[in-house]
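Undergrad: pasting the structure only:
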Ligand SMILES: CC(C)(COP(=O)(O)OP(=O)(O)OC[C@H]1O[C@@H](n2cnc3c(N)ncnc32)[C@H](O)[C@@H]1OP(=O)(O)O)[C@@H](O)C(=O)NCCC(=O)NCCS
């Protein structure tokens, strides 16, 4: 199963990432400690870090598990953030990040909604889910706004190296059919 290479929503185009996104990602959010605080990776120190990330994200599209999309506004191709799907057995996990300049405009909710709708429309996907750090309420709110319900806390589930060198408790949200 493979999701579409492109989604169009009211305001956004979600498209496959490309190497020329490196500058926008590096300058826009990958070095920002506020943006990266609850991510699983450390802020990028040079654009080579961003290029290495993009090489993996692009290569992932040749596989059958991880599909990341550049978030762009309609009519402007600049990558403002990314939203992604990780396909598992009978389920899909959603993840996202956005440059701080664009926060609180409903952008990630709109982007994630498109992925959730696609995933829930697949006959073999029964569960769409996401996790976030217990101290990341903006991310939890996105999960609620795309229709997910809070399942509980996964204790010591994931490493967020910008917050702690020990695994963090995470909120787990899902939508099922
Ligand atoms: C989480 C993130 C992707 C949200 O993107 P966004 O486009 O700003 O999200 P939206 O505008 O669609 O929705 C954000 C919601 O969170 C709310 N919110 C923002 N900051 C908040 C805070 N500190 N506490 C509680 N709610 C908060 C907003 O008010 C909004 O809810 P509302 O529409 O009910 O008012 C963005 O903040 C981000 O990139 N954060 C850093 C990366 C990250 O943490 N990614 C998720 C990892 S699990």
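TA: Looks like it came in fine. Just so you know, these numbers come straight off a predicted model, no measurement behind them.

Undergrad: For this protein, just list every one of the helices.
TA: 22-25, 33-36, 47-60, 107-120, 137-145 (DSSP state H).

Undergrad: how near is residue 32 to residue 103?
TA: In this view, residue 32 and residue 103 are 11 Å apart by CB to CB, to the nearest Å. Where you see a C-beta, it was placed from the backbone N, CA and C, and this is true even at glycine.

Undergrad: Then residue 55?
TA: Counting by CB to CB, the gap from residue 55 to residue 103 is 27 Å.

Undergrad: contacting residues around residue 3?
TA: Neighbour list for residue 3: 67, 85, 87, 115, 118, 119 [criterion: CB atoms under 8 Å, 6 or more residues apart in numbering].

Undergrad: Among those, which one is most surrounded by other residues?
TA: Top of the contacts of residue 3 by neighbour number is residue 115, holding 24 neighbours under the definition other CB atoms under 10 Å.

Undergrad: what's near enough to touch residue 54?
TA: 17, 18, 19, 21, 22, 25.

Undergrad: Please repeat the previous calculation with a cut-off of 7 Å.
TA: 17, 19, 21, 22 (CB atoms under 7 Å, 6 or more residues apart in numbering).
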